[in-house]
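Colleague: just need the structure, nothing else, for what follows:
(one chain, ligands or ions: 1)
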Amino acid sequence: MELPAAFKTKYQRLLGDEATAFFASFDQTENSGFRINPMRPVPADLDLSDPVPYTQWGYYGKVSGRSLDHQSGAVYSQEPSAMFVGEVAHPKAGMRVLDLCASPGGKSTHLGSFLQQSGLLVSNEIMPKRAKVLAENTERFGLSNTLVVNEDPASIAKAFPVFFDQVLVDAPCSGEGMFRKDPDAVSYWSTDYPAACAKRQREILTEAVKVLKPGGELVYSTCTFAPEEDEQIISWLLETYPQFEIVPIEKPAGIIDAKPEWGNGDPSLKGAARLFPHLMRGEGHFVAKLRLNEAIGNSSKYHRQPSNVSRDQSHLFEAFAAEYLNFKVDSHQLLAFGDQLYLMPEGTTSLRGLKVIRPGLHLGTLKKNRFEPSYAMALALSPGQFKYEASISEADWKQVVHGDIFTSDEMPLKKGWVRLFCNHQPVAFGKVVNQTVKNFFPKGLRFKVE
Ligand SMILES: C[S@@+](CC[C@H](N)C(=O)[O-])C[C@H]1O[C@@H](n2cnc3c(N)ncnc32)[C@H](O)[C@@H]1O
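Modeller: Numbers count the residues shown, from 1 in each chain. Sure thing, here's the model as predicted:
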């Protein structure tokens, strides 16, 4: 790979003798990986022979975006060094967690794996198109405790002052750790780029710090090697907000201490972590964890987001629930966005003024005289929560994801909704009319499997 001359000069100076091995790593093939979804059965066809050592869910290897394992949310493809960020965060069940720069959702789905549908995950992305992708990925993973929001950091800080137990800032960065994966990242790079990114990172962090509760944790990460965006950002953060202290990260073999001399010399910077491609099997990352000892700014009085469903809407859903669901839905948690019905996570506070893409689990669509369940619900429920479930063959699954009708004489009912599973993974809802299964796989997500 042709690395920019200024990049080479900079890292030659910073890394000394080690620079040769660092530069050589750019000519080796990239590392790919995937994480399995702990809320799903482990797919039998996956090759799990090469685990990523620092995470219980990560493996080296590739999973096709057109496979059942991907479509059903049983796996999420993620570059192995990025998996270390979720492991460092490791939120506990029940926590309120914010993922401030979240799309496409690698870290959010990892955080959701720890939360196990408990607590609250606010997954935010500033770019509208990317926020949509984030919503699709968190839905595919089956997260039901998640609000997907499309806001800038200042609006998030205004809406949630002193609210979260944990905040992840996986910052937009100069992406030097993306060079092997995405050659375009090399063409964006210039000598001044890290400083420009650092300015934006300071702006994002200035807002992020306001949403943490005392005792809360901030996890900051980048996929770049630039000290300006890594140690120097944490140096700046600690100087600007002495309320924070570094929580030292435990480092497995190949992951090394951050370098205080690349920041302001504060020895506690060693507690942060650097992942270099010449030292471990990953593309590269920087991660720091900090604890806030005293709130920054004032808290607010939080009001629960009230349900807004009309009596008619509520009746439509209740009739559906009585016929099909094996669990109770608290009507206070129902929220209608037009004709779309959602189940808000417990503890959802007022969403007024926020651009919310998904105010929780999308339950379905309120039609004129009936309720139509959503793809998101098909993927989020646990087995047995829906009264009618049917196992379909891989050949039928190919029809489902292509949007075709198929016939089956093994459906549990003659007429009505059925949750379809293939190889024990949830796939979609179908509607049975005699032996024909009408397809409700979302139009925008359909694909052809060769
Ligand atoms: C490194 S990516 C996040 C990757 C994601 N956390 C994951 O694991 O899949 C950084 C994200 O920050 C977003 N971003 C860009 N500018 C931003 C800003 N000024 N404030 C907040 N987020 C921003 C980008 O659109 C991008 O999606």
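Colleague: isn't F84 right up against I255?
Modeller: Yes - at 6.6 Å, F84 and I255 qualify as touching, with contact defined as CB atoms under 8 Å. C-betas here are computed from N, CA, C, even on glycine.
Colleague: nearest to the ligand: which residue in the stretch 251-400 of the chain?
Modeller: Closest contact between the stretch 251-400 of the chain and the ligand, by CB to the nearest ligand atom, is at H285 (10.0 Å).
Colleague: quick check: domain ranges of the protein?
Modeller: 5-292, 313-445 (automatic domain parsing).
Colleague: neighbouring strands of the host helix or strand of V148 in the sheet, and parallel or not?
Modeller: Counting by DSSP states H and E, the element that carries V148 is strand 146-149. Sheet pairing of strand 146-149 (DSSP bridges) gives strand 120-124 (parallel), strand 356-359 (antiparallel).
Colleague: let me have those strands in TSV, extended by mean pLDDT and mean neighbour count.
Modeller: Listed next are the strands paired with strand 146-149 as TSV, based on pLDDT from 0 to 100; neighbours: other CB atoms under 10 Å:
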stretch	mean pLDDT	mean neighbour count
strand 120-124	98	28
strand 356-359	98	22
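Colleague: hmm, back to that, joint contacts of F84 and I255?
Modeller: Common contact partners of F84 and I255 (CB atoms under 8 Å, 6 or more residues apart in numbering): 54, 273, 275.
Colleague: any chance of CSV for the residues you listed, columns secondary structure and pLDDT?
Modeller: As requested, the shared contacts of F84 and I255 are exported to CSV (DSSP: H, G, I helix; E, B strand; the rest coil; pLDDT from 0 to 100):
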residue, secondary structure, pLDDT
Y54, coil, 97
A273, strand, 98
L275, strand, 98
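Colleague: highest neighbour count among the residues you listed?
Modeller: Counting neighbours by other CB atoms under 10 Å, L275 comes out on top of those with 27 neighbours.
Colleague: residues in contact with it?
Modeller: The contact partners of L275, by CB under 8 Å, 6+ apart, come to 81, 84, 177, 254-255, 282, 284-287.
Colleague: the same query, at a cut-off of 6 Å, please.
Modeller: Taking CB atoms under 6 Å, 6 or more residues apart in numbering, we find L275 in contact with 81, 255, 282, 284-285.
Colleague: cool, and K181?
Modeller: Per CB under 6 Å, 6+ apart, neighbours of K181: E30.
Colleague: I'd assumed it was in a helix, is it?
Modeller: No - with DSSP: H, G, I helix; E, B strand; the rest coil as the criterion, K181 is located in coil rather than a helix.
Colleague: look up how far H110 lies from it.
Modeller: 18 Å (CB to CB, to the nearest Å).
Colleague: before we move on, back to that, buried deepest among the domains of the chain, which one?
Modeller: Here the criterion is mean neighbour count by mean count of other CB atoms under 10 Å, and of these the winner is domain 5-292, at a mean of 20.
Colleague: at which residues are the strands of the stretch 101-250 of the chain located?
Modeller: Here the stretch 101-250 of the chain has its strands, by DSSP state E, counting those that start in this stretch, at 120-124, 146-149, 164-170, 212-222, 244-246.
Colleague: format those as JSON lines; extra columns: distance to A380.
Modeller: Converted to JSON lines, the strands of the stretch 101-250 of the chain look like this (distance: least, CB to CB, whole Å):
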{"stretch": "strand 120-124", "distance to A380": "13"}
{"stretch": "strand 146-149", "distance to A380": "10"}
{"stretch": "strand 164-170", "distance to A380": "22"}
{"stretch": "strand 212-222", "distance to A380": "25"}
{"stretch": "strand 244-246", "distance to A380": "35"}
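Colleague: and the residue nearest the centre of the chain, how far from V52?
Modeller: By CA atoms, centre = their mean, the chain has its centre lying nearest to S108, at 2.2 Å. Look at S108 and V52: by CB to CB, they are 18 Å apart.
Colleague: what is the orientation angle of the strand or helix carrying G86 with strand 164-170?
Modeller: Using DSSP H and E, G86 sits in helix 80-89. Using axes from the mean of the first three to the mean of the last three CA atoms, to 10 degrees, one finds that helix 80-89 and strand 164-170 are set 160 degrees apart in direction.
Colleague: and for helix 80-89, what are the contacting residues?
Modeller: Contacts of helix 80-89 (CB under 6 Å, 6+ apart): 31, 33, 52, 54-55, 58, 106-107, 110, 168, 219, 221, 249, 275, 282-285, 287, 289.
Colleague: could you rerun that using 8 Å?
Modeller: 31-33, 35, 52, 54-55, 57-58, 60, 97, 106-107, 110-111, 113-114, 166, 168, 170, 177, 217, 219, 221, 223, 249, 255, 273, 275, 277, 280-285, 287, 289.
Colleague: just to revisit the earlier point, CSV for the strands paired with strand 146-149, including distance to the ligand?
Modeller: Shown next, in CSV, are the strands paired with strand 146-149 (distance: least, CB to the nearest ligand atom, whole Å):
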stretch, distance to the ligand
strand 120-124, 8
strand 356-359, 13
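Colleague: tell me which of those approaches Y241 most closely.
Modeller: strand 120-124 (20.8 Å; CB to CB).
Colleague: C-alpha coordinates for the closest one, PDB please?
Modeller: C-alpha atoms of strand 120-124 as PDB (Å, rounded to 0.1, in the frame of the first residue of the first chain):
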ATOM      1  CA  LEU A 120     -32.100   1.700  28.400                       C
ATOM      2  CA  LEU A 121     -29.800   2.000  25.400                       C
ATOM      3  CA  VAL A 122     -30.000   5.300  23.600                       C
ATOM      4  CA  SER A 123     -28.300   4.800  20.300                       C
ATOM      5  CA  ASN A 124     -27.700   8.100  18.500                       C
END
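Colleague: now the helix holding G86, how far from the chain's geometric center?
Modeller: Relative to the centre of its chain, helix 80-89 is centred 12 Å away, using CA atoms, centre = their mean, to the nearest Å.
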